[in-house]
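Chemist: 3D model of this:
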Amino acid sequence: MRSRFISFKATGLRPNTQYFPFFDAVNVSEWVNTTTGVGGFVQYGSLARDSVYLDASNIYSSATTYPAALGGKTTKILTDANGSVSGYFLLPRTSAISFKSGKKKFTLMDVSVHNKSNATSIASFIFESAGILQEVENTVLETENISVGSSSNVTTTEKTINNTNTGSVVQEGEPPDVDNNGTPDHQDPVGSAGNPGSGYGKSPGHPSNNPGGGGGSEPSCVIATHGIGTGGFSLLDKAKAEIWCEKTYHGKWYGEAFRRGYRHLGNRAIEQGNAHKHYSEFKEFVSYGRGIKKGFMLGLNYYFRTIQFFTVGLFVREK
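Modeler: Sure, this is the predicted structure:
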């Protein structure tokens, strides 16, 4: 996602209480400027066309915290006597912190660690950044469609929230959180293993995690399958990868070794919570293999990964 300012307000929270901001379950306290009450909320249509709040990707693309020129980060985010707070969140895009496009949740909690079970008051909304990628020979054309969700979801209780038996429903676009610990399953080292109601919770060998993969009980495209759930991949991305893989590797002795090695390393990246770091590399790997993209570094990485997957696949055995 590109850097941009997101204006927000939350009402009905605990009065005179400190809150902590999270975006996609990541603490973003360094990137938020707030005021007590609802006065800090601004409709984008009311801003002047030359407002800096409309041009963050150009003016503040290299910022490492909320700009001091605009008031700096709020050290202690507090609600007013009515339980209201508002302000701006500068969506960061640095080498240290950035987010993939898709639907992400912005959340305010009265605890400093993103854990719903420990929070007594929560407000959240969905922000969406969607892109359209069209591939043609040797050319990549990219456009971006942006929409901002204005609805909110506020929960306040007199005791610690316990969602174990509430039968709560995951909102559309919200990363699954089957164990209700406040951390999306793709970022949770514990995950939701064994829960048959979620693709994240199925073990790697679960039959429904292997759509047309063949050749074993492991999913045929573990990184792309993981990316579907997190919003890092579209169904089209996954389909392209699977069709190319089937034509190139399925049914061949070296191809099956390649696939075993890829699944082994891919599952390890998922278990370590690093799968999202390989999304871009995976897409470039497939594009190079399909002949869509070219380049020395892409080719070097393509053949390195091919040899790595093949070699690992020779020595690992799948259950």
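
Chemist: now the helices for the stretch 1-150 of the chain?
Modeler: Counting by DSSP state H, counting those that start in this stretch, the stretch 1-150 of the chain forms helices over residues 56-59, given from the N-terminal end onward.

Chemist: The stretch 201-319 of the chain now?
Modeler: Secondary structure of the stretch 201-319 of the chain (DSSP H, counting those that start in this stretch): helices at 222-230, 235-248, 253-271, 279-289, 296-315.

Chemist: So for Gly37, which of those helices sits nearest?
Modeler: Distance to Gly37, taken as Cβ to Cβ, is lowest for helix 222-230 among those, at 35.0 Å. Quick note: C-beta positions are derived from backbone N, CA and C, even for glycine.

Chemist: next one: that closest one to chain centre, how far?
Modeler: Put simply, helix 222-230 sits 11 Å off its chain's centre (Cα atoms, centre = their mean, to the nearest Å).

Chemist: Stretch 245-259 too?
Modeler: In terms of Cα atoms, centre = their mean, the gap separating the centre of stretch 245-259 from the centre of its chain is 30 Å.

Chemist: Name the residues of it that are buried.
Modeler: By neighbour count on 16 or more other Cβ atoms under 10 Å, the buried set for stretch 245-259 is 245, 249, 255-259.

Chemist: State the mean pLDDT of it.
Modeler: On average, the pLDDT along stretch 245-259 is 91.

Chemist: shouldn't Thr311 be in contact with Gly261?
Modeler: Yes - the pair formed by Thr311 and Gly261 meets the contact definition of Cβ atoms under 8 Å, at 6.7 Å.

Chemist: returning to what we had before: okay if I get the buried residues of stretch 245-259 as a markdown table plus distance to Met1?
Modeler: Rendered in a markdown table, the data for the buried residues of stretch 245-259 read as follows (distance: Cβ to Cβ, whole Å):
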| residue | distance to Met1 |
| --- | --- |
| Cys245 | 29 |
| Tyr249 | 33 |
| Gly255 | 36 |
| Glu256 | 38 |
| Ala257 | 37 |
| Phe258 | 33 |
| Arg259 | 32 |
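
Chemist: Greatest separation within those residues: which pair is it?
Modeler: Between any two of the buried residues of stretch 245-259, the greatest separation by Cβ to Cβ is 13.3 Å, found for Cys245 and Ala257.

Chemist: Okay, now the unreliable bits of the chain?
Modeler: Under the criterion pLDDT under 70, the flagged ranges of the chain are 131-220, 319.

Chemist: how's it carved up into domains?
Modeler: Under automatic domain parsing, the residue ranges defining each domain of the chain are 4-156, 207-315.

Chemist: Quickly note the distance from the closest residue to Tyr66 other than its chain neighbours to Asn58.
Modeler: The shortest distance from Tyr66 to any non-neighbouring residue, by Cβ to Cβ, 6 or more residues apart in numbering, is to Lys73 (4.2 Å). Note on Lys73: its distance to Asn58, by Cβ to Cβ, to the nearest Å, is 21 Å.

Chemist: Looking at those two, which one has more neighbours?
Modeler: Neighbour count, other Cβ atoms under 10 Å: between Lys73 and Asn58, Lys73 has more, with 19 against 10.
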